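Colleague: sharing a sequence plus its predicted fold:
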Protein chains: 2
Amino acid sequence: MFMPEVKNSAVSSSYKNKEAILLAVDCIIFGFDHEGLKLLIFKREFEPLAGHWSLIGSFVNKNEDVEDAAYKVLKETTGLESLFVEQLHAFGRINRDKGDRVVSIAYWSLIKLNEENRNLNVANHEAHWVDFKEVPELILDHNEMVAMALTTLRERARFRPIGFELLPDKFTLPQLLNLYEAIYQTKFDDRNFRRKILKTGLLIKLNEKDKSTSKRGALLYKFDYQQYDKLSKDGYLFEL
Amino acid sequence: MFMPEVKNSAVSSSYKNKEAILLAVDCIIFGFDHEGLKLLIFKREFEPLAGHWSLIGSFVNKNEDVEDAAYKVLKETTGLESLFVEQLHAFGRINRDKGDRVVSIAYWSLIKLNEENRNLNVANHEAHWVDFKEVPELILDHNEMVAMALTTLRERARFRPIGFELLPDKFTLPQLLNLYEAIYQTKFDDRNFRRKILKTGLLIKLNEKDKSTSKRGALLYKFDYQQYDKLSKDGYLFEL
DNA sequence: CCAAAAGTGTTTTAATTACACCCATGA
DNA sequence: TCATGGGTGTAATTAAAACACTTTTGG
């Protein structure tokens, strides 16, 4: 019979003599506009690897929640208080950071681009939006983080109404279609797409048109968060 | 225009003067047998909260990968080298652990019960399998971890063939059906279930019967991992 | 008046659901 | 021989996929 070793075991038996480790958060920030899906990257400001492209991050202080550390970075970087944020994964390989042993907990977020945060690269030359298909080499394991975030974004977008987190509050159906086509890098039939998304009953049709992309103009819609929350409690599963 | 504060910012600018934090892993271990889906819990061996029910865990050493720390705990606890393991979530609230500031990275795993690990509670009185619907109060935020693991298990089981990780290599369709019914706590129509799972072409029918639960005996099947891996590379998505 | 994007319906095909009886066997 | 769990098929409904033309309007 299997008999676990209890002494000298991996399983901890007190807090004594434990080695503390540096803890960081890194943020994968996605944005979307008429040019497509984008990722926000930064020029690293300190050695090693100063000047290289990087995700934005921060060390976690001993007296702050890990999640708060991520929110703080996101608020400072994007100027937004309210955005979609979700923990992605903890990256814990011994040598992932050449500077010291650092375990990084990555968060991914979706932001609604506006005049202010769209031009971050002007206001702060260290920040830059790049096409998510053309992400340059990033430091450490940050490219791995981005790849995982993209996979997770695709998984989530299918079963949760998170696409709306990347669009303005008022959006058109062609915009929404473009977004999904960008996320999945494929074309969808617009008639089937419209039918499916409207059948959910979660889009509120407004009496306004967006004429910025055509002479005819496209009807604007809002996502009905209230109704979605209500349905979710009854087990409703959004699916696209 | 939005102008990020660059000085005194949350965003880190060096490794100097950063506070290290204790890092732990905790493991949510699921098993399945004729009695249903079970969770492996332990009696905590050290203060504070010694003697209370807990998940099994370990501190992470400065010179080991986080993932390796989890594997080590799982191997020591279950006696198994090869099992399904996936990172669940990093739990990082400041006061989650009364003993000290500890950030815990939780892993969930699925094990195939056998004669040895089924009787862990005999060999090691500190370990105990409990029905997943009747998990007692656990220390710290461990109940939260279990709840999240269960949600994740349900999400994953729908789109990945992970149910087989909880069954013996050779299993019957009634066993498989019972497993899914246990995971989702609902009844499925057995004819529809059989049709769907067999239509994937991923089950290899063996010329053996399991007569342990009926006089007639039920046909044994194996999951075709090779074929699944091959199809996965071509973008095949398992769905149940 | 025309270029360019927005918007609309139908048919075919495939998947899902609902449902009830016969089979094999050891005790 | 019978109780027990194992195994099978079909019809109805619903969802998905494929496909092309009309509408609106500013320039």
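Modeller: Now that the structure is in, tell me what you want to look at.

Colleague: longest helix of chain A?
Modeller: Criterion DSSP state H: the longest helix present in chain A is helix A:142-159.

Colleague: next, the buried residues of that one.
Modeller: Residues A:142, A:145, A:146, A:148, A:149, A:150, A:153, A:156, A:157, A:158 are the ones in helix A:142-159 that count as buried (16 or more other C-beta atoms under 10 Å in any protein chain shown). C-beta: built from backbone N, CA, C; applies to glycine.

Colleague: hmm, residue A:105 and the second one touching each other?
Modeller: Meaning residue A:145. No. Assessed by C-beta atoms under 8 Å, residue A:145 is found out of contact with residue A:105, at 10.3 Å.

Colleague: surely residue A:51 is within a strand?
Modeller: No. Residue A:51: not assigned to a strand; according to DSSP: H, G, I helix; E, B strand; the rest coil it is coil.

Colleague: circling back: so is the longest helix of chain A next to DNA strand D?
Modeller: No. Helix A:142-159 lies apart from DNA strand D when judged by C-beta under 7 Å from any atom of the strand; the minimum separation is 11.0 Å.

Colleague: could you check the angle that helix makes with helix B:142-159?
Modeller: Orientation note: helix A:142-159 sits at an angle of 70 degrees relative to helix B:142-159 (axes from the mean of the first three to the mean of the last three C-alpha atoms, to 10 degrees).

Colleague: helix A:142-159 and DNA strand C, are they touching?
Modeller: No. Helix A:142-159 does not reach DNA strand C (C-beta under 7 Å from any atom of the strand); its nearest approach is 14.4 Å.

Colleague: that helix - contacts with which helices or strands?
Modeller: strand A:22-33, strand A:84-91, strand A:102-111, helix A:173-184 (3 or more C-beta pairs under 8 Å, 6 or more residues apart in numbering or on different chains; DSSP states H and E).

Colleague: which residues sit against it?
Modeller: A:26, A:28, A:30, A:39, A:54-55, A:86, A:88-89, A:91, A:104, A:106, A:108, A:110, A:132, A:135, A:137-138, A:162-163, A:180, A:183-184, A:237-240 (C-beta atoms under 8 Å, 6 or more residues apart in numbering or on different chains).

Colleague: tell me the bridge partners for residue A:221.
Modeller: Residue A:221 has these beta-bridge partners by DSSP bridges: residue A:171, residue A:205.

Colleague: how many residues are close by it?
Modeller: When neighbours are counted by other C-beta atoms under 10 Å in any protein chain shown, residue A:221 registers 23.

Colleague: same question for residue A:169.
Modeller: Neighbours around residue A:169, by other C-beta under 10 Å: 10.

Colleague: and if you look at the one 10 residues further on?
Modeller: Using other C-beta under 10 Å, residue A:179 has 20 neighbouring residues.

Colleague: ok, it - contacts?
Modeller: Residue A:179 makes contact with A:32, A:37, A:163, A:166, A:167 under the criterion C-beta under 8 Å, 6+ apart.

Colleague: for residue A:41, same thing?
Modeller: For residue A:41, the contacting residues are A:53, A:54, A:55, A:56, A:127, A:128, A:130, A:135, A:136, A:138, by C-beta under 8 Å, 6+ apart.

Colleague: again with residue A:23
Modeller: A:59, A:60, A:66, A:102, A:103, A:104, A:105, B:20, B:21, B:23, B:92, B:103.

Colleague: would you confirm that the second one contacts residue A:69?
Modeller: Yes. Counting by C-beta under 8 Å, a contact exists between residue A:60 and residue A:69, whose distance comes to 4.5 Å.

Colleague: higher neighbour count, those two?
Modeller: residue A:60 (29 against 24).

Colleague: list the contacts of the more buried one.
Modeller: Counted by C-beta under 8 Å, 6+ apart, residue A:60 has contacts A:23, A:24, A:25, A:66, A:69, A:105, B:21, B:92, B:103.

Colleague: look up the closest residue to the last one, ignoring the ones flanking it.
Modeller: Put plainly, it is residue B:103. Among residues not flanking residue B:103 along the chain, residue B:92 sits closest, at 4.6 Å (C-beta to C-beta, 6 or more residues apart in numbering or on different chains).

Colleague: what's the neighbour count on that neighbour?
Modeller: Residue B:92, neighbours per other C-beta under 10 Å, totals 25.

Colleague: ok, back up a step: export the helices and strands packed on helix A:142-159 to JSON lines and tack on mean pLDDT and distance to residue B:209?
Modeller: As requested, these are exported to JSON lines (pLDDT from 0 to 100; distance: least, C-beta to C-beta, whole Å):
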{"stretch": "strand A:22-33", "mean pLDDT": "97", "distance to residue B:209": "51"}
{"stretch": "strand A:84-91", "mean pLDDT": "98", "distance to residue B:209": "43"}
{"stretch": "strand A:102-111", "mean pLDDT": "98", "distance to residue B:209": "49"}
{"stretch": "helix A:173-184", "mean pLDDT": "98", "distance to residue B:209": "45"}
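
Colleague: dump those into JSON lines; add distance to residue A:15 as well.
Modeller: Formatted as JSON lines, those follow (distance: least, C-beta to C-beta, whole Å):
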{"stretch": "strand A:22-33", "distance to residue A:15": "17"}
{"stretch": "strand A:84-91", "distance to residue A:15": "20"}
{"stretch": "strand A:102-111", "distance to residue A:15": "18"}
{"stretch": "helix A:173-184", "distance to residue A:15": "44"}
